[in-house]
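Colleague: Okay, here's the prediction I keep looking at, along with the sequence it came from:
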Amino acid sequence: MSGGEIPSRRIRVLIAKPGLNSHDRGAKVVARALKEAGMEVIYTGLRQTPEQIVETALQEDVDVIGLSILSGAHMTWVPRVIELMKEKGLFGQVLLLVGGIIPEDDAKALKQMGVDEVFGPGTPTDEVIKYVREHVKKG
Amino acid sequence: MTHAEELVKDVLAGDKRAVARSITLIEDKMPEAAELLKALEPHTGRAYVVGITGPTGVGKSTLIRELIRAFRRKGLKIGVVAVDPTSPFTGGAILGDRLRMQELTLDQGVFIRSMATREGVGGIAEATEGAVKVLDAAGYDIVLVETVGAGQLDVGVAGIAHTVVLVLAPGLGDEIQVIKAGLMEIADIYVVNQADRVNADKMVADLASVLNMEPQNPGWRPPIVRTVALTGEGVEELVEQIERHRAFLAEKGVRLTERKAWALLREALTRTLLSDFLPKLMRTPDFEVVAREIAAGRLTVGAGAELLIRKLLKAVRGWHEQAS
């Protein structure tokens, strides 16, 4: 059924909100923008645990995990996500992006841990799209 | 071992990463996909495939969450393929069905995959059938395929699923009309979800009277099941009806009913006529001439259309004679 066909790859992105914070407007704006840019966005909603996020990324075979964090708890959630990504063999294979209100020092620390990029509030969605396109190998 | 051979080994061992990678290869139409599917084929045919279809907003995803729970209580492993439409303008999609099932993500016996229709037709993706095969080979006992079903073109799930469950809900417009327009042929079981709403009784009654007038497959009268997916009410009965339909098919020794074949064929013909014949017809000089005559008031629209169809039929007969 698929023999000899021309590959048609699509970038798949998981947008997730870890933790207890319940604002997801920013995450939804980014999700819509990525869809408009031709990507497939898996949206899982609020209050996801790091375990759920990484297992979802695995089952959905995404190219990108985008974490939206506004609660200030990024230094708790993100290291756990990275640890689980390493356990499941996703680390280094799947792009890890963090969006939200992240102080500069924390952003630096997150990148040292293995986050590929941190986007602050008000980042133009075009910038996120451009980053994803340039850093995901397929497309 | 080639990449595909390694994947096959891991899929057969039930490895979730391998299942996920395999589905992507098929979706992306990568060169290894054909080899992969061929190698998995002998290990398929065990899973029972249930299509869950219906208009947007009737609670299909929540119902699936409860179905998974009910089947899990029986010790069965459940795969889900949740299909949502791709935007025809951008090629992108937001896949949000999983949101309602997310609390089951960490269950070892559950695998959920969201899928965009991409270039697929009939409300399913080209890769949906392949994904079902991968899950089947990986040892999932039941595979639930969720699709949007809102009209006569959304019948593709009938070609994949053994049992099709058509889900409706009261108060979302005149859905009985929607299903009368072309989904009735594929429904083996009807669900009226959100059955705790005031107008649920009326909907069940309306549906029952429509079903009474419909010709049915010999031996199977589609039951109407009332559910409240949010609380799980009625889901046990739905499971029973699915099992009853499974037993019916096993006894009859068939998979696809004639009515389903009829609906699938109609969908394929409609699509061919619309996307192939119609544009060709519109590019003929006749089309322009007829349009000009209509604009000038010398021909009615109906008469013009009939004229073009007559010409088309004559042309078709011509091709036929040339071919034979």
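Modeller: Thanks, I have it.
Colleague: Near B:Tyr140, how many residues? Count them for me, please.
Modeller: 25 (other C-beta atoms under 10 Å in any protein chain shown). Where you see a C-beta, it was placed from the backbone N, CA and C, and this is true even at glycine.
Colleague: dump the residue contacts of it.
Modeller: Counting by C-beta atoms under 8 Å, 6 or more residues apart in numbering or on different chains, B:Tyr140 touches B:Ala47, B:Lys77, B:Ile78, B:Gly79, B:Phe111.
Colleague: can you tell me how far B:Gly51 sits from chain A?
Modeller: Going from B:Gly51 to chain A by C-beta to the nearest C-beta, to the nearest Å gives 19 Å.
Colleague: Report the secondary structure state of that residue.
Modeller: strand (DSSP: H, G, I helix; E, B strand; the rest coil).
Colleague: Disregarding residues adjacent in the polypeptide, which is nearest to it?
Modeller: B:Ala161 (3.2 Å; C-beta to C-beta, 6 or more residues apart in numbering or on different chains).
Colleague: hmm, back to that, show me which pair in the contacts of B:Tyr140 is furthest apart.
Modeller: Distance extremes for these: the farthest pair is B:Ala47 and B:Phe111 at 11.6 Å, using C-beta to C-beta.
Colleague: So between those two, which is more surrounded?
Modeller: Of the pair B:Ala47 and B:Phe111, B:Phe111 is the one with more neighbours under other C-beta under 10 Å, namely 27 against 22.
Colleague: OK, contacts around the more buried one?
Modeller: A:Gln59, B:Lys16, B:Val19, B:Ile78, B:Gly79, B:Val80, B:Leu135, B:Ala138, B:Tyr140.
Colleague: what's the spacing between the first one and B:Ala127?
Modeller: Using C-beta to C-beta, to the nearest Å, one gets 15 Å for the distance from A:Gln59 to B:Ala127.
Colleague: Tell me which of the two has more neighbours.
Modeller: Between A:Gln59 and B:Ala127, B:Ala127 has the larger neighbour count (other C-beta under 10 Å), namely 28 against 23.
Colleague: Now the more buried one: phi and psi?
Modeller: For B:Ala127, the backbone dihedrals (degrees, to the nearest 10) come out as phi -90, psi 0.
Colleague: hmm, the top helix by length along chain A in reach of chain B?
Modeller: Ordering each helix of chain A by length in residues (DSSP state H) puts helix A:74-87 first. No - if you take C-beta under 8 Å from any C-beta of the partner chain as the test, helix A:74-87 misses chain B, and the best it gets is 11.2 Å.
Colleague: Run the chain-centre distance for that helix.
Modeller: Put simply, helix A:74-87 sits 12 Å off its chain's centre (C-alpha atoms, centre = their mean, to the nearest Å).
Colleague: And stretch B:222-236, by the same measure?
Modeller: 20 Å.
Colleague: Please list the residues outside that stretch that contact it.
Modeller: For stretch B:222-236, the surrounding residues in contact (C-beta under 8 Å, 6+ apart) are B:59, B:62-63, B:65-67, B:69-70, B:187-196, B:200, B:204, B:207-208, B:211, B:216, B:237-238, B:241.
Colleague: same question for it, mean pLDDT?
Modeller: Across stretch B:222-236, pLDDT averages out at 96.
Colleague: in it, what counts as buried?
Modeller: Across stretch B:222-236, burial judged by 16 or more other C-beta atoms under 10 Å in any protein chain shown covers B:Pro222, B:Pro223, B:Ile224, B:Val225, B:Arg226, B:Thr227, B:Val228, B:Ala229, B:Gly232, B:Gly234, B:Val235.
Colleague: Just give me the closest of the contacts of B:Tyr140 to chain A.
Modeller: B:Phe111 (5.9 Å; C-beta to the nearest C-beta).
Colleague: and the gap between that closest one and B:Ala125?
Modeller: 17 Å.
Colleague: related to what we said a few turns ago, quick one: which of the contacts of B:Phe111 sit in helices?
Modeller: Per DSSP H, those map to helices at A:Gln59, B:Lys16, B:Val19, B:Leu135.
Colleague: What pLDDT is listed against the third one?
Modeller: Read that as B:Val19. 98.
Colleague: residues contacting residue 127?
Modeller: Going with chain A. A:Phe119.
Colleague: my question was about chain B
Modeller: Going by C-beta under 8 Å, 6+ apart, B:Ala127 touches B:Ile23, B:Ile26, B:Glu27, B:Met115, B:Arg118, B:Gly120.
Colleague: Buried ones among those?
Modeller: Among the contacts of B:Ala127, those scoring as buried are B:Ile23, B:Ile26, B:Glu27, B:Met115, B:Arg118, B:Gly120 (criterion: 16+ other C-beta under 10 Å).
Colleague: Close to chain A as well: tell me which of those qualify.
Modeller: Among the buried ones among the contacts of B:Ala127, the ones lying near chain A by C-beta under 8 Å from any C-beta are B:Ile23, B:Ile26, B:Glu27, B:Arg118.
Colleague: Serialize the buried ones among the contacts of B:Ala127 to TSV and add fields for secondary structure, distance to B:Ala247 and pLDDT.
Modeller: Converted to TSV, these look like this (DSSP: H, G, I helix; E, B strand; the rest coil; distance: C-beta to C-beta, whole Å; pLDDT from 0 to 100):
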residue	secondary structure	distance to B:Ala247	pLDDT
B:Ile23	helix	30	98
B:Ile26	helix	31	96
B:Glu27	helix	33	96
B:Met115	strand	29	98
B:Arg118	coil	35	94
B:Gly120	coil	31	89
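Colleague: Closest one of these to chain A?
Modeller: When the buried ones among the contacts of B:Ala127 are compared against chain A (criterion: C-beta to the nearest C-beta), the nearest one is B:Ile26, at 5.9 Å.
Colleague: For B:Lys202, see how far away the closest residue in space to that closest one that isn't next to it in sequence is.
Modeller: Of all residues not flanking B:Ile26 in the chain, B:Gly130 sits nearest, at 3.9 Å (C-beta to C-beta, 6+ apart). Distance of B:Gly130 to B:Lys202, computed by C-beta to C-beta: 41 Å.
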